[in-house]
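*Asks:* Just a sequence and a predicted model for now, questions to come.
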Amino acid sequence: MKKNKLIPVDKKRCQALKTNGNNFMTFGGVPRMMRCDNKPTVIVKETKPGKDGLKGSMSLCDECLTVAKKNLPKNFFTEKKIEVKSSGRAKKLTKVQGEQK
């Protein structure tokens, strides 16, 4: 049996696939699946292993999370919010502004 590799979670870009909007009724363009460009807000992880015996996880934006909740069975995955770290630059700017008063 071939061992599958899991793709690591991308915290910079949502990992969901969306249609590009083209179909047999649109003129020009080929129907394709494209990766979402939004910034992710949560990481979802399968609760049970798949047929390959692995539990996958991926990052999703709020819009794609709503679609996943609508289309997948309940308790199919767990969610974990992605924590946004504040940059050191923002802290320094706050201190400088406070000192000017």
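*Replies:* Looks like it arrived, so ask away. As the structure is a computational prediction, the values presented were derived from the model and not from experiment.
*Asks:* alpha carbons only for contacts and neighbour counts from here, please
*Replies:* Fine.
*Asks:* Would you map the strands across the chain?
*Replies:* Ranges of strands in the chain, per DSSP state E, are 17-19, 33-35, 42-46, 57-60, 77-81.
*Asks:* ranges for the helices of the chain?
*Replies:* 62-71, 88-100 (DSSP state H).
*Asks:* The spatially most central residue of the chain bridge partners, please.
*Replies:* For the chain, Leu60 is the residue whose C-alpha lies nearest the centre (Cα atoms, centre = their mean; 2.1 Å). Note on Leu60: beta-bridge partners Val42, judged by DSSP bridges.
*Asks:* Now do the contacts for the residue lying closest to Lys39 once chain neighbours are set aside.
*Replies:* Leaving aside its chain neighbours, Lys39 sits nearest to Arg13 (4.8 Å; criterion: Cα to Cα, 6 or more residues apart in numbering). Contacts for Arg13 were tallied using Cα atoms under 8 Å, 6 or more residues apart in numbering; they are Cys36, Asp37, Asn38, Lys39, Pro40, Ser59, Leu60.
*Asks:* measure Arg13 to Thr47 for me?
*Replies:* 22 Å (Cα to Cα, to the nearest Å).
*Asks:* what stretches of the chain score poorly on pLDDT?
*Replies:* Counting by pLDDT under 70, the ranges of the chain that qualify are 1-3, 86-101.
*Asks:* For Gly29, give me its contacts.
*Replies:* Neighbour list for Gly29: Asn22 [criterion: Cα under 8 Å, 6+ apart].
*Asks:* Skipping adjacent residues, who's closest to Pro30 in space?
*Replies:* Slight slip there: residue 30 is Val, not Pro. Asn22 (6.0 Å).
*Asks:* Show the contacting residues for the one you found.
*Replies:* Gly28, Gly29, Val30, Pro31, Arg32.
*Asks:* Name the residues of stretch 11-20 that are buried.
*Replies:* By neighbour count with 16 or more other Cα atoms under 10 Å, stretch 11-20 contains the buried residues Lys11, Arg13, Cys14, Gln15, Ala16.
*Asks:* nearest to Lys69, of these?
*Replies:* Using Cα to Cα, Ala16 comes nearest to Lys69 of these, at 12.9 Å.
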